[in-house]
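1. here's a sequence, model it:
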Amino acid sequence: MENLASGLKGPELKQSNLALQWKGLLGHIDTRFQKLQDQFDSERNSLQTRFQELQDQFDLEQNSPQARYQELEDREKELEEKVFNFTRKWNPKPRNYMTWRD
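-> Prediction:
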């Protein structure tokens, strides 16, 4: 290094030092970026795994017999209500007509 430094004059020496500093800085930035990239990949994989677990659990619950039974009961109640409303709308209450006994 001394031989190199002794062979270089003022501006050349400054340029060489700046180039070495720049190379060191780029190496540091590259290392930090790689660590951040690794952390990001790890977090992304963790979130994807958790999302898949939640999706599987949701699918399982949606297809469970109890969930299907509850869904059918809810639909049955809705249908009964529609039938009741329809019947009430189209079958008016009977009027009080005089019967033949009156």
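
2. could you pull out the helices for this structure?
-> Assigned by DSSP state H, the helices in the chain fall at 2-7, 10-62, 65-90.

3. what's the weakest-modelled helix or strand in the protein?
-> helix 2-7 (a mean of 54; mean pLDDT, DSSP states H and E).

4. show me how far stretch 49-56 is from its chain's centre.
-> The chain centroid and the centroid of stretch 49-56 are separated by 10 Å, computed with Cα atoms, centre = their mean, to the nearest Å.

5. let's see that stretch as CSV, backbone CA atoms only.
-> Provided in CSV are the C-alpha atoms of stretch 49-56 (Å, rounded to 0.1, in the frame of the first residue of the first chain):
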residue,chain,number,x,y,z
THR,A,49,-48.5,-19.4,5.5
ARG,A,50,-50.9,-17.7,8.1
PHE,A,51,-53.3,-16.7,5.3
GLN,A,52,-53.4,-20.2,4.0
GLU,A,53,-54.0,-21.6,7.4
LEU,A,54,-56.9,-19.1,7.9
GLN,A,55,-58.3,-20.0,4.4
ASP,A,56,-58.2,-23.7,5.2
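
6. distance-wise, check L36 relative to G27.
-> 15 Å (Cβ to Cβ, to the nearest Å). Where C-beta positions appear, they are placed from N, C-alpha and C, glycine not excepted.

7. likewise for G10?
-> 26 Å.

8. in terms of neighbours, single out the busier of these two.
-> The neighbour count for G10 versus G27, taken as other Cβ atoms under 10 Å, is higher for G27 (10 against 7).

9. distance of that one relative to Q48?
-> In terms of Cβ to Cβ, G27 sits 31 Å off from Q48.
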